[in-house]
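Student: With the input below, show me the fold.
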Amino acid sequence: MTWTPAEVDRLSAWMATHVAGFSGPLTVARLAGGQSNPTYRLTTPRADYVLRRRPLGPVLPSAHAVDREFRVMAALHGSGVPVPRVLALCTDTSVTGSMFFVMDLVPGRVFYDPRLPGFTPPERAAVFDDLNRVIAALHVQDPEALGLADYGRPGAYAERQIARWTKQYRASQTLAIPAMESLIDWLPRHAPRHNETRVVHGDYRLDNVILHPTEPRIVAVLDWELSTLGCPLTDFANHMMSWHVAPDLFRGLAGEDLAALGIPGEIAYRQLWLDRTGHAAPESWNFYFALALFRMAAIMQGIARRALEGTAANSDAAIVGAKAVPMAVLGWRIAQQDV
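Tutor: Numbers count the residues shown, from 1 in each chain. Down below sits the predicted model:
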């Protein structure tokens, strides 16, 4: 979407009132990524900002929760989990057409290919070690100490995830996917019972973090739309989905020579997180990986639906949405390994 001069003027007037130190003139440019919530760079002579907002038009219930992103990032600032400083939330849809928030622009690099072409093996190893460190730092946070005790419901997280993504899938379904039907039947009958509750990101992966401009370390974690209180094992399995997904399916590592690349294997990476968090290993990780793939397939189905309706936030939405079927098939294959 190209912003009209009138829309930029309304945004500038709002920021002058709500963002300390703001001074125009203001220019707006779309940032890459943001399949779910469109994201923009705001440039002024004195400072640069980032604006993240809900898509225009009808959206699924509970989706695109930029207000929740704002809250969790505000709570985590200074906690040891690196996040941009959030500045202001706007719930008045007359300003830009939908709810949005503004945060600091964090200088750095964003990479979409977890194979990290152009990096040396030691640099890749350092990046993946820091990815592990940061998600472990999140999973040892005390929600109550952060003021997030009411950020979600404690317990039964896996069951709630299954119910939520089944509902979202049904609401955006455009074709029959037999593997999704099999997972919808299988997952509730195999959900482990865990009582531990932590803040979970919900979509922690390489392209949702900013790396330091020159160093292999994370300076900010982005895209907190799916965050809530939940099971850290489930959240970590969502993150580790890359080890099961091929690069041509969705930014994965499956089939790659990880040792040659300097990237830790799945077992070593899992153990590093277990050591850092003190969590006990589950009897089987397969349920968690099957759930992660089911959830991603449901998300992709939602993207496909928005592409059909013309409300998608990204131009490649139809391509991404078409991958819901192979993602579901992969999830069902992993689930069957647990039988």
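Student: Check whether residue 259 really touches residue 253, as I assumed.
Tutor: No. Assessed by CB atoms under 8 Å, residue 259 is found out of contact with residue 253, at 11.9 Å. Heads up, the C-betas are built off the backbone N, CA and C, glycines and all.
Student: Pick out whichever of these two has more residues nearby.
Tutor: Neighbours were counted for residue 259 and for residue 253 using other CB atoms under 10 Å; residue 253 has more, 23 against 10.
Student: Surely residue 87 is in a helix?
Tutor: No. Checked against DSSP: H, G, I helix; E, B strand; the rest coil, residue 87 lies outside a helix; its state is strand.
Student: Can you report how many residues lie near it?
Tutor: The burial count for residue 87: 20, using other CB under 10 Å.
Student: measure it to residue 10 for me?
Tutor: 17 Å (CB to CB, to the nearest Å).
Student: Residue 106 now?
Tutor: 26 Å.
Student: Also residue 296?
Tutor: Noted for residue 296: a distance of 36 Å to residue 10, by CB to CB.
Student: And for residue 82?
Tutor: Noted for residue 82: a distance of 32 Å to residue 10, by CB to CB.
Student: And residue 88, by the same measure?
Tutor: In terms of CB to CB, residue 88 sits 14 Å off from residue 10.
Student: Where in the chain is the helix or strand with the lowest mean pLDDT?
Tutor: Each helix and strand of the chain was given a mean pLDDT (mean pLDDT, DSSP states H and E); the minimum falls on helix 317-321 at a mean of 65.
Student: In contact with residue 244, which residues are there?
Tutor: 252, 254, 289, 293, 330, 334 (CB atoms under 8 Å, 6 or more residues apart in numbering).
Student: Which member of the residues you listed is positioned nearest residue 138?
Tutor: Distance to residue 138 across the contacts of residue 244 (CB to CB) is lowest for residue 289, with 19.6 Å.
Student: mind giving me the domain split of this protein?
Tutor: With domains defined by automatic domain parsing, the chain comprises 5-104, 121-336.
Student: Can you tell me which of these is nearest to residue 113?
Tutor: Taking CB to CB, domain 121-336 is the member of the domains of the chain nearest to residue 113, at 6.5 Å.
Student: Right, I'll call it a day here.
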